[in-house]
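1. sequence and predicted structure below; questions after.
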Amino acid sequence: VSSAQCLWCYTNNTCIDYPVRSILPPSSLCSLSNARWGVCWINFEDVIIAMAVVAGLILVTITVCCCYCCYCRKRSRSRLEEEEEQLARKREERRLQSLQRKHERKLKHDEIRKKYGLLQDSDNPYSRFENE
């Protein structure tokens with residue numbers, strides 16, 4: 001009998017053919033604490049506990065990764081929205097500054113035109129006469 005198909009029971013020190021139909025050996029054959037699979041050092045209780053711990057760690061890791069990724073996405077979205085708002089504010093400030101400078105230039109040019117009589121102003125007595 002190969003060791004992979006052997007169920008060693010410490011209570012009566014016998015090697016029984018492993019019951020293939022059931023995953024865990026039934027307690028009528030041997031209790032889990034005394035049952036060993038294949039080689040003598042693999043205890044069924046230890047295997048079950050180890051598998052449960054590994055499965056739990058995998059589930060916890062996946063859960064933490066999913067939560068962290070969702071948090072990062074939300075954070076990056078809010079950061080992108082924040083940057084877009086900041087860019088829009090700066091764009092609006094530049095537009096307002098540009099309009100203000102344009103208005104100041106127009107006033108300055110109008111003053112120069114007025115000084116040299118180039119401004120078509122109806123209430124200015126020194127405005128040019130147009131020949132018709």
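-> Cool, got the structure. Residues are numbered from 1 along each chain as shown.

2. hey, where'd the strands end up in the chain?
-> Ranges of strands in the chain, per DSSP state E, are 6-9, 14-17, 35-37.

3. can you tell me the closest non-neighbouring residue to Asn12?
-> Nearest residue to Asn12, sequence neighbours excluded (C-beta to C-beta, 6 or more residues apart in numbering): Cys30, at 8.0 Å. C-beta coordinates here come from the backbone N, C-alpha and C atoms, glycine included.

4. wait, what's in contact with the one you found?
-> By C-beta atoms under 8 Å, 6 or more residues apart in numbering, the residues touching Cys30 are 7, 9-12, 16.

5. dump stretch 56-71 to CSV, keeping only the CA atoms.
-> Written as CSV, here are the backbone C-alpha positions of stretch 56-71 (Å, rounded to 0.1, in the frame of the first residue of the first chain):
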residue,chain,number,x,y,z
GLY,A,56,-8.5,33.2,6.3
LEU,A,57,-5.2,35.0,5.6
ILE,A,58,-6.0,34.9,1.9
LEU,A,59,-9.5,36.3,2.4
VAL,A,60,-8.3,39.0,4.8
THR,A,61,-5.5,40.0,2.3
ILE,A,62,-8.0,40.1,-0.6
THR,A,63,-10.4,42.2,1.5
VAL,A,64,-7.8,44.6,2.6
CYS,A,65,-6.4,45.0,-1.0
CYS,A,66,-9.9,45.6,-2.3
CYS,A,67,-10.7,48.2,0.3
TYR,A,68,-7.3,49.9,-0.1
CYS,A,69,-7.8,50.0,-3.9
CYS,A,70,-11.3,51.5,-3.6
TYR,A,71,-10.0,54.1,-1.1
